[in-house]
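> Provide a 3D model corresponding to the input given below.
(one chain, ligands or ions: 1)
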Amino acid sequence: MNNNDTKNLIIRLFNVSKKFGGVLALKDITLDIKKGEFVFISGPSGAGKSTLLKILCLAEKASEGQILIDGMNLSRISSSKLPFFRRRFGMVFQDFKLIPNRTVYENVALVLEAAGEKSSYIKKKVMQVLRTTGMEKKFKAFPPTLSGGEQQRVAVARAVVGEPSIILADEPTGSLDSKSAQIIFDFLMEYHKKGSTVLIVSHNLNLLDSTIKGRNIEISEGTIKRTATML
Ligand SMILES: Nc1ncnc2c1ncn2[C@@H]1O[C@H](COP(=O)(O)OP(=O)(O)OP(=O)(O)O)[C@@H](O)[C@H]1O
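Below is the predicted model:
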């Protein structure tokens with residue numbers, strides 16, 4: 001691979017493994033992802049899909065191997081630079097991780113407040129994203145009063161509000177009916193078309209717009225079993 005090829009890579013994993021006690025969740029993963037790629041991660045339950053997304057945004061630490069994000073070695077990021085590093089990522093966790101005693105609006109606004117954005121911009125941007133995810137009428141609600149699907153839509157809104165360069169979404173449509181799932185997928189595809197790199201753990205390949213030339217990475221027992229380009 002020459003210098004120009006590596007410049008286009010936003011995520012690089014070299015022989016990455018992750019152990020949880022005696023469980024080897026990821027085994028010797030080597031993987032390159034290009035800037036602006038749309039990647040589907042599929043595989044059976046317990047395969048290591050969530051673990052892969054979590055080690056990329058440092059929600060979990062890899063046990064072995066090297067990870068480069070935009071050329072930065074994750075193991076060398078100092079704790080003072082971590083918040084800046086994390087801003088590159090928008091993450092939709094499988095269990096949403098919304099703050100229960102903050103409203104829908106506050107959960108989403110927090111990302112922009114932490115980034116030091118002006119309050120007028122925050123108000124406009126948060127309401128715009130909530131409108132697109134169909135949650136604007138519930139902006140004053142607290143997460144525990146929402147349905148699973150509504151919480152999922154707030155989690156997606158929070159992931160994209162900061163316009164991150166990388167969106168990691170773990171089953172972002174798992175709690176949604178097919179119409180709402182399509183809206184969320186279209187929404188994520190819009191960000192991809194604007195240039196974001198998107199990694200989605202999902203089985204709903206059929207929701208993908210036919211104009212997207214994505215890649216499907218199949219994981220099983222912690223290793224990459226198959227990589228296929230979707231045409
Ligand atoms: N925090 C943890 N502590 C202990 N074991 C864990 C932890 N997180 C994941 N594991 C284990 O690592 C393996 C991979 O889990 P992971 O959640 O990545 O799988 P997955 O492919 O995302 O599964 P699913 O489709 O069911 O969400 C599983 O055996 C799981 O039990």
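
> the longest helix in the chain is where?
If you go by DSSP state H, the chain has its longest helix at helix 178-193.

> skip ahead from that one and say which helix or strand is next.
strand 197-201 (DSSP states H and E).

> enumerate the residues of this protein near the ligand.
Contact residues (CB under 6 Å from any ligand atom) of the chain with the ligand: 20, 23, 25, 43, 45-51, 94. From N, CA and C alone the C-beta is placed, and that goes for glycine too.

> before we move on, the earlier item: quick one: buried residues of the longest helix of the chain?
180-185, 187-189, 191-192 (16 or more other CB atoms under 10 Å).

> quick one: average pLDDT of it?
In this model, helix 178-193 has a mean pLDDT of 84.

> what residues does that helix touch?
The contact list for helix 178-193 (CB atoms under 8 Å, 6 or more residues apart in numbering) reads 36, 38, 132-134, 149, 152-153, 156, 160, 163, 167, 169, 172-173, 176, 198, 200, 204, 207-209, 212.

> which among those residues end up buried?
Buried, going by 16+ other CB under 10 Å: 38, 132-134, 149, 152-153, 156, 160, 163, 167, 169, 172-173, 176, 198, 200, 204, 207-208, out of the contacts of helix 178-193.

> which parts of the chain are strands?
Applying DSSP state E to the chain gives strands spanning 9-20, 23-34, 38-42, 64-69, 72-73, 89-92, 166-170, 197-201, 215-220, 223-229.

> so which of those is nearest R102?
In terms of CB to CB, the element of the strands of the chain nearest to R102 is strand 89-92, at 17.3 Å.

> so which residues make contact with the closest one?
Residues contacting strand 89-92 (CB under 8 Å, 6+ apart): 53, 56-57, 59, 152, 155-156, 158-162, 164, 166-170, 172, 196.

> go again using 6 Å as the cut-off
57, 155-156, 159-160, 164, 166-170, 172 (CB atoms under 6 Å, 6 or more residues apart in numbering).

> and stretch 57-66, by the same measure?
14-19, 54-55, 89, 91, 168.

> pLDDT and neighbour count added to these, as a markdown table?
Listed next are the contacts of stretch 57-66 as a markdown table, based on pLDDT from 0 to 100; neighbours: other CB atoms under 10 Å:
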| residue | pLDDT | neighbour count |
| --- | --- | --- |
| F14 | 96 | 14 |
| N15 | 97 | 12 |
| V16 | 97 | 23 |
| S17 | 97 | 18 |
| K18 | 97 | 22 |
| K19 | 97 | 14 |
| K54 | 94 | 20 |
| I55 | 94 | 24 |
| F89 | 92 | 21 |
| M91 | 92 | 21 |
| L168 | 95 | 27 |
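
> which residue packs closest to K138, ignoring adjacent ones?
V104 (5.5 Å; CB to CB, 6 or more residues apart in numbering).

> tally of neighbours for that neighbour?
Close neighbours of V104, defined as other CB atoms under 10 Å, add up to 28.

> now swap in D70 and tell me
Using other CB under 10 Å, the number of residues around D70 comes to 14.

> sorry, back to before: okay, and which of the buried ones among the contacts of helix 178-193 map to helices?
Using DSSP H, these in helices are 132, 149, 152-153, 156, 160.

> ok, now which ones touch the most centrally placed residue in the chain?
Centroid-nearest residue in the chain: L168, 1.1 Å away (criterion: CA atoms, centre = their mean). Residues in contact with L168 (CB under 6 Å, 6+ apart) are 53, 57, 91, 199.
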